[in-house]
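1. Just a sequence and a predicted model for now, questions to come.
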There are 2 protein chains.
Amino acid sequence: MAEMQAMPPEVEGSEATERVLQILSTSARLFATTGYDGTSMRDIAQACNISKSLLYHHFADKDEIFARITLGSTRELVQFVEGRLPEGAAPSVRIRAFMAATGEYFQRYRWAWIASTTAFWNDPQQRRQTERMLWRDRYEGLIRRLIEEAIEVGEIRPLDVPLAGRLVLSALNWMHRWHKQDQGMPAPEVAEAYFDMIFHGLKR
Amino acid sequence: MAEMQAMPPEVEGSEATERVLQILSTSARLFATTGYDGTSMRDIAQACNISKSLLYHHFADKDEIFARITLGSTRELVQFVEGRLPEGAAPSVRIRAFMAATGEYFQRYRWAWIASTTAFWNDPQQRRQTERMLWRDRYEGLIRRLIEEAIEVGEIRPLDVPLAGRLVLSALNWMHRWHKQDQGMPAPEVAEAYFDMIFHGLKR
DNA sequence: CCGGACCCTGACCGACCGGTCAACGAGGGG
DNA sequence: CCCCTCGTTGACCGGTCGGTCAGGGTCCGG
């Protein structure tokens, strides 16, 4: 179950030819492992076994490749997670599902996820990142709303909601720094273990 | 209290001239904001108002500047935190102090910290990072030992210690992605609030 | 058979990269 | 006075960067 795929479904332009998909998934892996500045167009072309010029036939420039990956990945993450929240369930159950779904998304689309979460968080000149930030805000807004609902129904004690949300997201967003593919606990289980620790507390 | 300083005390070589310190602190800020590959030696020289050649008079190459920052910062972090654990106190109190001290270190040496925590985590060719990794392991070993002690004395329920340690470190290591200087809650308070959430749990 | 659309290529561009080098001026000891 | 050290500089190096360009090959509709 839940094997790793190259890229999330880029439904948008519906112009996802094989070549374009190859370029995107290869670039995602390179961006994730060596960073944006550390990945040259020559590197990408070579890893795809195509000429550098062909990259510019399919994409306007390096930044467009990167933006496609990060924007697409972030948008899909939100929709993926939203689609996996059990409707009508208790808020705490939905928070747990939120975390597990994020873990599963990370496991599936590892490279795109890593490229995305490590990207330009402080770039003064927000390139094409504004739309991506909107999705990111929606993602963060979602976990905050779930926490608020849990407080309202009395499952969670009153506390600093933005900070609690950041605690949850920090645990998830830092996973790529230590979690290995096909080794140790699967990411969704890690996410659920995190939930249990955070929800019930470490205290005996 | 706890105002920000440029660089942690680089006692080591005792050759911390003003110029060297200026180069290190300026480089740390640049590396932290634009990354290693995104920061050129020309950028550093210009930001210091010196010639590029002078950088090579004080340092062998770009990598040495970076290694000095990350290694020095990591080593100092461990010693800083170790020196702030109240001896004889209960393990949970020491865990709280561990987190608060890390928050304070982040606040003081912000740029060096960020450059350090975002550095080459997956570099295949470990440049001069091996010694730094030793300190990093010692830091992670420290929080794990504190958690184990808390379990032994019954303050914390039996659980996956490495995972609990990662939860704590994730919260701290992700702070730089959202915490702003001189705005909002000071970093040590954030760290303590994190501890309270994790230790007592969100559950009502 | 022609023409255009679509993939695809190698040669090439100016800019910038990390790093080197010879030399200069100031200061101090002999 | 000379000479040596030290902080400092601008000119320069080969190589790589992101990006451009003219054109080749192939397939398909007219």
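-> In hand now; what should we look at?
2. C-terminal to the helix or strand encompassing A:M99, what's the next element?
-> Element membership of A:M99 [criterion: DSSP states H and E] is helix A:91-108. Beyond helix A:91-108 in the direction of the C-terminus, DSSP H and E gives the next helix or strand as helix A:110-117.
3. After that following helix, which helix or strand is next?
-> From helix A:110-117, the next helix or strand downstream (DSSP H and E) is helix A:130-152.
4. Identify the residues contacting that following helix?
-> A:67, A:70-71, A:74-75, A:77-78, A:81-82, A:85, A:90-92, A:94-95, A:98, A:126, A:156-159, A:161-162, A:164-165, A:168-169, B:202 (CB atoms under 8 Å, 6 or more residues apart in numbering or on different chains). For every residue, glycine as well, the C-beta is placed using N, CA and C.
5. Give me the below-cutoff pLDDT ranges for chain A.
-> Scanning chain A for pLDDT under 70 picks out A:1-5, A:10-15, A:121-127.
6. Can you pull up the residues of it that come close to DNA strand C?
-> Contact residues, chain A versus DNA strand C (CB under 7 Å from any atom of the strand): A:T17, A:R19, A:I50, A:S51, A:K52, A:S53, A:L54, A:H57.
7. got a winner among those for most neighbours?
-> A:I50 (17 neighbours; other CB atoms under 10 Å in any protein chain shown).
8. Using the three-state scheme, assign that residue.
-> coil (DSSP: H, G, I helix; E, B strand; the rest coil).
9. now the one 10 residues further on
-> Secondary structure of A:A60, reduced to three states by three-state DSSP: coil.
10. Now for the residue of chain A found nearest chain B, how many residues are close by?
-> Residue of chain A nearest chain B, by CB to the nearest CB: A:G201 (2.5 Å). Applying other CB under 10 Å, we find 18 residues neighbouring A:G201.
11. In terms of helices and strands, where is A:Q22?
-> helix A:18-34.
12. got a list of contacts for that helix?
-> Here helix A:18-34 makes contact (CB under 8 Å, 6+ apart) with A:6-7, A:10, A:39, A:43-44, A:47-48, A:50, A:54-55, A:58-59, A:65-66, A:68-69, A:72-73, A:110-115, A:118-119, B:122.
13. now do stretch A:45-54
-> The contact list for stretch A:45-54 (CB under 8 Å, 6+ apart) reads A:R19, A:Q22, A:I23, A:T26, A:R29, A:L30, A:M41, A:R42, A:L55.
14. redo that, cut-off 6 Å
-> Residues outside stretch A:45-54 that contact it (CB atoms under 6 Å, 6 or more residues apart in numbering or on different chains): A:Q22, A:I23, A:T26, A:M41, A:R42, A:L55.
15. now the residues you listed: which count as buried?
-> A:Q22, A:I23, A:T26, A:M41, A:L55 (16 or more other CB atoms under 10 Å in any protein chain shown).
16. what number of residues lie near the residue lying closest to A:F80 once chain neighbours are set aside?
-> Closest residue in space to A:F80, ignoring its immediate chain neighbours: A:Y105 at 5.1 Å, by CB to CB, 6 or more residues apart in numbering or on different chains. Neighbours of A:Y105 under the rule other CB under 10 Å: 25.
17. cool, A:Y139 as well?
-> A:Y139 has 20 neighbours, counted by other CB under 10 Å.
18. OK, contacts around the residue nearest to the spatial centre of chain A?
-> Closest residue to the average C-alpha location of chain A: A:W113 at 4.1 Å, with CA atoms, centre = their mean. Neighbouring residues of A:W113 by CB under 6 Å, 6+ apart: A:F106.
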